[in-house]
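Q: this one's structure only:
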Ligand code: OXD
Ligand code: MN
């Protein structure tokens, strides 16, 4: 058994490491202590063997480029399984592998897979130090890229072991294997708090703290213990008087969540600011007064690079210019990173696979559309001062969103908690490059959790509904859509910094202000209730953005009914009734009435 610098390695952990070493046969075992010197030696080793390329040390100090195996550049949803005893525990939105089969199959595949390699032991803490909501995990991996990235994404070493008190920790076993698509598995065993991941080095498949622990396994724990583990950003919006309102937002992968979390207010909204608590994941607990309080379990950002620029996310551009691991971006001659949407396309550069890319001669993207940067969240200059609050921040509103080129208005508010849950359950969004597969396909992604809910999604809806009886201070629920397009295929809304206009209306509504009209889908802002200064959005455009297409919504609801039907008998009756109420509202209203209501205001 390896010894770490810590004297007392809890028994449960050392026994587990021994048992894994017996199966995987690593040449040696290295304990990760989270120290700067160890991070350095991991990096040096990877630079020496070509796993990392050092970037321009003057312009990008402490930054490196990693190029993945080309078949391993996104989350592999096809290869992701929940290994529970019954398929009914897992539901139709997950791949199921029977528990025993999963254990047997994976243990066999892991046999001897670390021969000739080092096994890194990574004890990590998710959440603020000293928080009752934080959790400990231990990832065992033969990937130095994973070991170094985990040090950015979580709190590694002593801080985790100190928190380990009751014998409870999440076990993560990862091996690069042959890094091939065959026999690639990302398996979750909720009954054992165990994750086994093989043959991928991609962040979402291999940094087991992230999607596997903080969402899939944590969602199961949250259901059992009465809290929520969500695919949500968390922000604090500060008004010109210094009042802070905290909001969470669930958006499918690569739908602008990071940009919204890092929104820079436009010139026209002086005195406002947005502080990031989380860009991807929120753990939400009810406090003793019945308020939702959210923490960010993560310590780093693993975000999409393409299209990040001074317009879309000016606040991150400077922050990733030091101590950052870039994955699958393109490389310029001066050894600085480049990606589509960064600015002018250099005439010659190396693409994400290391091939020469020449303007006029090469086709395709130079950077992979899902290329990423991994950076400590501490480097982000507008990190909320409450980021480390062990009890989290009090949430006033939950926002659902996603890429929808049609139908969904710029913003609207639900009538009630149950109606808000229905809006989340009905969420559909266009697929993005974050997961392997076709891009731009509209799919059901309830609460942006389709790939991340570790149990039956119908039970998950039930769990959301259960909060109604637990608190009278639940957040208001909204849906937003900054991606609606006009007939010419152009976005109707300028987005980015101007999304603050949407957030301000949401905050107004939370404070009992903000003019609205009642429509069958919910409360929509009147055009005058939105601060459109500087947006350049014409009156007719804002009316289009706030219009309700009754026929389109009836079709949307029909499609949702089909989806709900596919979830089987576990689908909660309460939600079915809510959907029927919605249908009745739509059918009883006429297009004319809806339009009249909107234009009357
Ligand atoms: C992510 C994702 O990487 O959602 O955050 O895929
Ligand atoms: Mn995500």
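A: Received the coordinates, thanks. Note that the structure is a prediction, hence the values are computed from the model and not measured. Numbers count the residues shown, from 1 in each chain. Ligands and ions are numbered 1, 2, ... in the order given.

Q: compute the first-to-last residue distance for stretch 333-345.
A: One end of stretch 333-345 sits 13 Å from the other (Cα to Cα, to the nearest Å).

Q: which residues outside that stretch are in contact with it?
A: Identification of contacts with stretch 333-345 by Cβ atoms under 8 Å, 6 or more residues apart in numbering yields 53-56, 59-60, 63, 65, 305-309, 312, 326, 329-332, 346, 348-349, 359, 365-367, 369, 371. In this view, the C-beta of every residue, glycine as well, is placed from N, C-alpha and C.

Q: ditto for stretch 106-116
A: 20, 23-27, 142, 173, 175, 177, 183, 185, 187, 196, 198.

Q: list the buried ones in that stretch?
A: Buried residues in stretch 106-116, defined by neighbour count with 16 or more other Cβ atoms under 10 Å: 106, 109-110, 113-114.

Q: show me the residues you listed that map onto helices.
A: Judged by DSSP state H, the subset of those located in helices is 106, 109-110.

Q: need the residues you listed in JSON lines with pLDDT and distance to residue 511, can you?
A: Below are those laid out as JSON lines (pLDDT from 0 to 100; distance: Cβ to Cβ, whole Å):
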{"residue": "106", "pLDDT": "98", "distance to residue 511": "51"}
{"residue": "109", "pLDDT": "98", "distance to residue 511": "55"}
{"residue": "110", "pLDDT": "98", "distance to residue 511": "54"}
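
Q: can you list the residues of this structure near ligand 1?
A: The chain comes close to ligand 1 at residues 75, 204, 253, 280, 302, 434, as judged by Cβ under 6 Å from any ligand atom.

Q: looking at stretch 142-162 now, give me its mean pLDDT.
A: Throughout stretch 142-162, pLDDT has a mean value of 97.

Q: from the opening residue of that stretch to its closing one, how far?
A: From start residue to end residue, stretch 142-162 stretches across 25 Å - Cα to Cα.

Q: how about stretch 260-279?
A: Its first and final residues considered, stretch 260-279 spans 8 Å by Cα to Cα.

Q: now do stretch 358-366
A: Start to finish, the residues bounding stretch 358-366 are 9 Å apart (Cα to Cα).

Q: buried stuff in that stretch?
A: Using 16+ other Cβ under 10 Å as the test for burial, stretch 358-366 gives 365-366.

Q: for whichever residue of the stretch 301-450 of the chain sits closest to ligand 1, which non-adjacent residue is closest in space?
A: At 3.7 Å from ligand 1, residue 434 is the closest residue in the stretch 301-450 of the chain, using Cβ to the nearest ligand atom. Distances taken as Cβ to Cβ, 6 or more residues apart in numbering place residue 253 nearest to residue 434, at 3.5 Å, with adjacent residues excluded.

Q: ok, back up a step: mind checking which of the contacts of stretch 106-116 are buried?
A: Among the contacts of stretch 106-116, those classed as buried by 16+ other Cβ under 10 Å are 20, 24, 26, 142, 173, 175, 177, 185, 187, 196, 198.

Q: from those, which land in helices?
A: Per DSSP H, the subset of the buried ones among the contacts of stretch 106-116 in helices is 20, 24.

Q: that older thread, give me phi/psi at the residue of the stretch 301-450 of the chain closest to ligand 1?
A: Main-chain dihedrals, residue 434, degrees, to the nearest 10: phi -70, psi -20.

Q: and for residue 41?
A: For residue 41, the backbone dihedrals (degrees, to the nearest 10) come out as phi -70, psi -30.

Q: count the neighbours of it for me.
A: Using other Cβ atoms under 10 Å, residue 41 is surrounded by 14 other residues.

Q: then residue 425?
A: 26.

Q: how close does it get to residue 444?
A: 9 Å (Cβ to Cβ, to the nearest Å).

Q: residue 36 too?
A: Distance, residue 36 to residue 444, using Cβ to Cβ: 44 Å.

Q: the two - which one has more neighbours?
A: Comparing residue 36 with residue 444 by other Cβ under 10 Å, the one with more neighbours is residue 444, at 19 against 8.

Q: got the contact list for the more buried one?
A: Counted by Cβ under 8 Å, 6+ apart, residue 444 has contacts 93, 427-428, 450, 560, 563.

Q: how about it, phi and psi?
A: phi -70, psi 130.

Q: quick one: pLDDT of the residue most central in space within the chain?
A: Nearest to the geometric centre of the chain sits residue 280, at 3.5 Å (Cα atoms, centre = their mean). Predicted confidence (pLDDT) for residue 280: 97.

Q: kindly report the same for residue 594.
A: As summarised for this prediction, residue 594 has a pLDDT of 42.

Q: in this structure, what residue is nearest ligand 1?
A: Nearest residue of the chain to ligand 1: residue 253, at 3.0 Å (Cβ to the nearest ligand atom).

Q: from what I see, that residue and residue 439 are in contact.
A: No: using Cβ atoms under 8 Å, residue 253 is not in contact with residue 439; the gap is 11.4 Å.
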